[in-house]
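> this is the structure alone, sequence omitted:
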């Protein structure tokens with residue numbers, strides 16, 4: 001294998017170790033990744049925009065830092081990509097929509113923390129319009145393909161970031177997850193995707209389409225790399241009160257712990273009429289065997305499931321009002337100006353969002369709080385839940 005793919009497929013932890021030993025430099029790594037991207041991006045379409053000049057500037061700054069004595073920032077010289085629902089200065093933030101193709105914002109708090117940590121930001125990764133689909137496709141360009149089989153989907157809505165990490169276009173990606181938007185693309189491409197506790201990584205930016213449901217999180221190839229990202233990006237912020245509810249632990253401490261004696265609930269279908277195929281069943285059995293070998297106590301148990309549907313009224317998705325409010329706050333009279341720019345799926349949601357009734361939405365929020373409490377009570381008997389994706 002050539003030197004370029006070797007550098008491209010190193011983890012963030014391995015890159016940091018190599019920089020410390022001066023085995024290679026951030027500039028070498030960044031050029032290697034950019035060259036790799038030039039070969040793969042025409043097929044994968046993982047990025048909506050690539051910031052080659054900005055990445056090389058950050059790499060040169062990181063290289064200078066590594067040549068100096070003293071402690072280094074947590075991600076100094078590590079290439080990372082940012083989902084295009086997260087605002088970043090210097091290039092458009094589209095949220096995957098033609099309606100925002102010329103939208104320019106300041107850095108979101110996540111991006112400010114990446115820069116402070118010395119990361120090399122490669123660009124903005126592809127996302128379905130307003131992160132509303134399990135497939136990464138929009139009207140801005142071709143859909144993102146799965147690097148293991150370009151005829152297959154990368155998943156969504158953080159599918160661009162996952163495809164980038166899986167294919168060697170940077171070891172780290174920042175994604176968001178409301179209903180699987182990190183976990184599905186990670187599962188589809190053999191990666192580690194974490195939906196952390198709500199607002200462990202704060203969300204401070206103009207656009208918030210899912211203010212009570214969207215979690216910011218890492219997509220990586222290893223658990224250690226995810227811990228590195230959580231250390232760099234987590235912690236409270238005065239602009240996000242929910243982020244101040246949580247302490248900021250040492251995420252890398254996981255390597256010093258063990259799960260011996262932990263109680264693991266195993267649920268194959270959450271008590272629903274869902275049939276697993278042979279591959280899914282084998283994955284559950286293999287994971288169960290590994291946990292038993294590590295000393296866990298496994299129990300067959302199904303968690304609670306939410307009662308009722310996610311509609312305010314027939315054809316009105318429960319959270320459509322949240323989404324429409326986010327667009328209207330940025331572009332007054334959004335529907336009148338941009339309905340024709342939307343994909344068919346988003347157009348239906350945003351049209352419904354204009355008609356969503358607050359008293360019905362309050363009922364959904366009450367149901368969600370009750371469900372969250374039932375899950376907390378259920379977890380009193382278990383430390384972990386093992387289930388298929």
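Structure received. Keep in mind that what you see is a predicted model, and the values were worked out from it rather than measured.

> CA atoms for contacts and neighbours, from now on please.
Will do.

> please enumerate the strands of the stretch 51-200 of the chain.
Taking DSSP state E, counting those that start in this stretch, the strands of the stretch 51-200 of the chain run over residues 79-83, 120-125, 145-146, 149-153, 172-177, 192-193.

> to residue 134, which of those strands lies closest?
Proximity to residue 134, assessed across the strands of the stretch 51-200 of the chain by Cα to Cα, is greatest for strand 149-153 (9.0 Å).

> each with direction, which strands does that closest one pair with?
With DSSP bridges as the test, strand 149-153 is paired with strand 145-146 (antiparallel).

> contacts for the strand it pairs with?
Here strand 145-146 makes contact (Cα atoms under 8 Å, 6 or more residues apart in numbering) with 43-46, 151-155, 163, 188-189.

> what count of nearby residues applies to the closest residue to residue 197 other than its chain neighbours?
Distance criterion Cα to Cα, 6 or more residues apart in numbering; nearest residue to residue 197, sequence neighbours excluded, is residue 215 at 7.4 Å. Residue 215 has 24 neighbours, counted by other Cα atoms under 10 Å.

> list the contacts for residue 215?
Here residue 215 is in contact with 176-178, 195-199, 201 (Cα under 8 Å, 6+ apart).

> any idea how far apart the tips of stretch 298-306 sit?
Start and end residues of stretch 298-306 are separated by 24 Å (Cα to Cα, to the nearest Å).

> try stretch 303-322
End-to-end for stretch 303-322, by Cα to Cα: 28 Å.

> same question for stretch 135-155.
Using Cα to Cα, the two ends of stretch 135-155 sit 5 Å apart.

> residue 93 contacts residue 100, correct?
Yes. Shown here, residue 93 and residue 100 form a contact pair, counting by Cα atoms under 8 Å, at 7.1 Å.

> just want to know which of the two has more residues nearby.
Between residue 93 and residue 100, counting by other Cα under 10 Å, residue 93 is the more crowded of the two (24 against 17).

> for the more buried one, grab phi and psi.
phi -110, psi 110 (degrees, to the nearest 10).

> filter the contacts of residue 215 down to the buried ones, ChimeraX style.
Buried members of the contacts of residue 215, defined by 16 or more other Cα atoms under 10 Å, are picked up in ChimeraX with:
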select :176,177,178,195,196,198,199,201
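
> closest one to residue 352 out of the contacts of residue 215, please.
Nearest member of those to residue 352, counting by Cα to Cα, is residue 178, at 19.4 Å.

> just give the nearest non-adjacent residue to that closest one, would you?
In space, residue 178 is closest to residue 214, 4.4 Å off (Cα to Cα, 6+ apart).

> so how far is residue 374 from the one you found?
The value you get for residue 214 to residue 374, if Cα to Cα is used, is 20 Å.

> for residue 284, helix, strand, or coil?
Following DSSP: H, G, I helix; E, B strand; the rest coil, we place residue 284 in the helix state.

> how many neighbours does the spatially closest residue to it that is not a sequence neighbour have?
Nearest residue to residue 284, sequence neighbours excluded (Cα to Cα, 6+ apart): residue 388, at 6.7 Å. When counting by other Cα under 10 Å, one arrives at 14 neighbours for residue 388.

> isn't residue 388 right next to residue 285, touching?
No. Contact between residue 388 and residue 285 fails when scored by Cα under 8 Å: they sit 10.5 Å apart.

> which ones are touching residue 74?
With Cα under 8 Å, 6+ apart, residue 74 has these contacts: 117-118, 228, 231-232.

> swap in 10 Å and give it another go.
For residue 74, the contact set (Cα atoms under 10 Å, 6 or more residues apart in numbering) comprises 16, 114, 116-119, 228-229, 231-233.

> ditto for residue 185
By Cα under 10 Å, 6+ apart, the contact set of residue 185 is 134-136, 146, 153-163, 166, 191-193, 219.

> residue ranges for the helices of the chain, please.
Assigned by DSSP state H, the helices in the chain fall at 3-8, 12-21, 26-44, 52-66, 109-116, 159-167, 183-188, 223-233, 278-293, 320-330, 334-338, 344-353, 358-378.

> for residue 246, which of those is the nearest?
With Cα to Cα as the measure, helix 223-233 is the member of those nearest residue 246 (12.9 Å).
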